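Enquirer: Mind looking at a prediction? Sequence and model below.
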Amino acid sequence: MDKDLSNYRKTYDKGELLLTETPENPMELFKKWFHEVDTHFEQDETNAMTVSTIGLDGFPKNRVVLLKRYTYEGFIFFTNYQSEKGLAIANNPHVCLSFFWPGAERQIIIKGSAEILAENLSDGYFESRPRGSQLGAIASLQSTIVKDRAQLEADLKNLEASFEGKEIPRPDYWGGYMVKPISIEFWQGRPNRLHDRIHYQLDEDYNWVKNRLSP
């Protein structure tokens with residue numbers, strides 16, 4: 001390897017996160033951080049998040065998807081239910097979400113359970129997508145082996161012709177998940193690697209308990 005990665009260094013000095021200044025509900029802090037990053041920092045897709053699942057082979061796997069909505073109840077994203085991640089969630093709904101916003105020197109890690117979203121909500125989001133994205137969801141049998149890209153493009157072209165002038169229905173194998181959090185950790189980079197880490201844990205009475213963690 002040409003470069004010595006051990007010499008890569010960065011000073012974190014863009015903010016602080018004090019336990020005494022955090023809200024009782026972590027979703028309020030998530031909303032605040034998301035808005036600040038989206039408004040004040042250069043970030044191509046503030047809603048890009050890593051979704052980690054435990055696969056059918058027993059190995060964890062991460063991939064980046066786009067957060068499409070968040071509420072006090074949880075975090076919503078959409079995908080193919082028959083994809084590798086969909087099958088993993090069906091087998092083990094415990095997932096981890098993470099956001100990393102380098103411009104703001106912030107990271108959020110969320111543990112929770114993924115539940116299939118109500119059909120009417122998935123229908124509504126599917127209808128809002130561009131036609132190309134709607135057809136792409138049908139043309140791609142996500143995570144399966146495909147002969148080549150030409151086959152994908154041919155399938156898409158055939159679908160375009162088939163649905164010309166028609167509404168495109170949401171396929172029943174495609175829709176949303178809501179991840180309901182049980183744990184949320186907020187990380188703010190600080191000088192000398194003494195980073196701020198505030199951790200919220202949902203207790204058995206559904207109250208959030210927060211603590212500062214050592215960096």
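Expert: Cool, got the structure.
Enquirer: what about Gly189, neighbour count?
Expert: 22 (other Cβ atoms under 10 Å). Just so you know, the C-beta spots here come from the backbone N, C-alpha and C atoms, and that holds for glycine as well.
Enquirer: For it, give me phi and psi.
Expert: Backbone torsions for Gly189, taken as degrees, to the nearest 10, come to phi -60, psi 140.
Enquirer: That one contacts Phe100, doesn't it?
Expert: No - under the criterion of Cβ atoms under 8 Å, Gly189 is not in contact with Phe100, lying 10.6 Å apart.
Enquirer: which residues are common contacts for those two?
Expert: Jointly contacting Gly189 and Phe100 under the rule Cβ atoms under 8 Å, 6 or more residues apart in numbering are Arg106.
Enquirer: Sketch out the helices for the chain, chain order is fine.
Expert: Secondary structure of the chain, counting by DSSP state H: helices at 26-40, 84-91, 119-128, 131-139, 149-162.
Enquirer: can you list those in a markdown table and add mean neighbour count and distance to Ser214?
Expert: Below are the helices of the chain laid out as a markdown table (neighbours: other Cβ atoms under 10 Å; distance: least, Cβ to Cβ, whole Å):
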| stretch | mean neighbour count | distance to Ser214 |
| --- | --- | --- |
| helix 26-40 | 16 | 19 |
| helix 84-91 | 18 | 32 |
| helix 119-128 | 14 | 40 |
| helix 131-139 | 16 | 44 |
| helix 149-162 | 12 | 48 |
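Enquirer: which one of the ones you listed lies closest to Gly15?
Expert: In terms of Cβ to Cβ, the element of the helices of the chain nearest to Gly15 is helix 26-40, at 9.1 Å.
Enquirer: Quick one: mean pLDDT over the closest one.
Expert: Regarding helix 26-40, the rounded mean pLDDT is 97.
Enquirer: closest to Leu56 out of the helices of the chain?
Expert: Nearest of these to Leu56, taken as Cβ to Cβ: helix 84-91 at 5.9 Å.
Enquirer: I'd like the mean pLDDT over that closest one, please.
Expert: Summarised as a single mean, pLDDT over helix 84-91 is 98.
Enquirer: tell me which strands and helices it is in contact with?
Expert: Applying 3 or more Cβ pairs under 8 Å, 6 or more residues apart in numbering; DSSP states H and E, one finds that helix 84-91 makes contact with strand 48-54, strand 60-66, strand 75-80.
Enquirer: Could you say which of the ones you listed is packed most deeply?
Expert: Among the helices and strands packed on helix 84-91, strand 75-80 has the highest mean neighbour count (mean count of other Cβ atoms under 10 Å), at a mean of 21.
Enquirer: now that one: how far from the chain's centre is it?
Expert: Chain-centre distance of strand 75-80: 8 Å, with Cα atoms, centre = their mean, to the nearest Å.
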